[in-house]
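Trainee: this is a predicted model, with the sequence first.
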There are 2 protein chains.
Amino acid sequence: MKTVNLAEKLAMFSSHWDPHVVADYNGNDVMVVKFQGEFPFHHHPDTDDFFLVLEGEMVMDIEGEPPQTVDAGELFVVPKGVTHRPRADQECKVLLIEPKGEPNTGDAATAASKPRI
Amino acid sequence: MKTVNLAEKLAMFSSHWDPHVVADYNGNDVMVVKFQGEFPFHHHPDTDDFFLVLEGEMVMDIEGEPPQTVDAGELFVVPKGVTHRPRADQECKVLLIEPKGEPNTGDAATAASKPRI
């Protein structure tokens, strides 16, 4: 039970699309992650997906909808079941919340390991 | 399903200790709130309590522990059942996550209404 400084946590790794767990909330992993380039389109059949941009800008592509720009200080929640793809031309730093055990790609075979830092 | 700008939402009200819902995540209210002064000590028997400071600085008093300072860009999760009190000498802007229906005071008789904006 202590204060978590997100910039300090983000300084501990440089990899992209590699979420790191920094806190727990009711069975959810609270993570920081760096985005650059394009993630694959995917969906989470059983959970919403929470994104808060901390630094930089990302675009959220949503199947069948116009792309949504999400800047620093803005959040975007993808409802469960909705096919989506985050992307970022320049490196973008994000707070991500997903239930523990949820594959970040929607598929356990391709999911990141979500180490705790 | 759209981008939520937190500063725009925070500009829509000036009251303190008055959380406003800006998004939903898996049955949780994602809220913005302004703190100034001292909140009552309370606890949530069935849920963790998620705080991310967006602007300013708050102190989290925890029963039986040293107070924790939480600055902008820092988060603090109070585990369920732990008695706590947020306070802030100057106005502080916070992202707050609690399950829908959870009284912010831990007691329905004194809880804020949590309007959606």
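Mentor: That came in fine, so what should we check first? Numbering: from 1, shown residues only, chains lettered A, B, ... in the order given.

Trainee: off-centre distance for stretch A:51-59?
Mentor: Distance, stretch centre to chain centre, for stretch A:51-59: 9 Å (Cα atoms, centre = their mean, to the nearest Å).

Trainee: any idea which helix or strand carries the spatially most central residue of chain A?
Mentor: Compute the mean C-alpha point of chain A, and by Cα atoms, centre = their mean the closest residue is A:Leu96, 3.9 Å away. Using DSSP states H and E, A:Leu96 maps to strand A:84-99.

Trainee: which positions in that strand come out as buried?
Mentor: Neighbour-count burial for strand A:84-99, with 16 or more other Cβ atoms under 10 Å in any protein chain shown as criterion, is recorded at A:84-86, A:88, A:92-98. (Each C-beta comes from the backbone N, C-alpha and C, glycine too.)

Trainee: assign A:Ala109 to helix, strand or coil.
Mentor: For A:Ala109, the assignment made with DSSP: H, G, I helix; E, B strand; the rest coil gives helix.

Trainee: look up phi and psi at A:Pro45.
Mentor: Main-chain dihedrals, A:Pro45, degrees, to the nearest 10: phi -60, psi -20.

Trainee: so which residues make contact with the helix or strand containing A:Val33?
Mentor: According to DSSP H and E, A:Val33 maps onto strand A:28-38. When contacts are defined by Cβ atoms under 8 Å, 6 or more residues apart in numbering or on different chains, strand A:28-38 is touched by residues A:6, A:9-10, A:13-24, A:54, A:56, A:58, A:85-100, A:102, A:114, B:26, B:50, B:75, B:77.

Trainee: same question, stretch A:61-77
Mentor: Applying Cβ under 8 Å, 6+ apart, the contact partners of stretch A:61-77 are A:41, A:48-60, A:78, A:82-87, B:1-7, B:22-25, B:30, B:54.

Trainee: quick check: end-to-end length of it?
Mentor: From its first residue to its last, stretch A:61-77 covers 12 Å (Cα to Cα, to the nearest Å).
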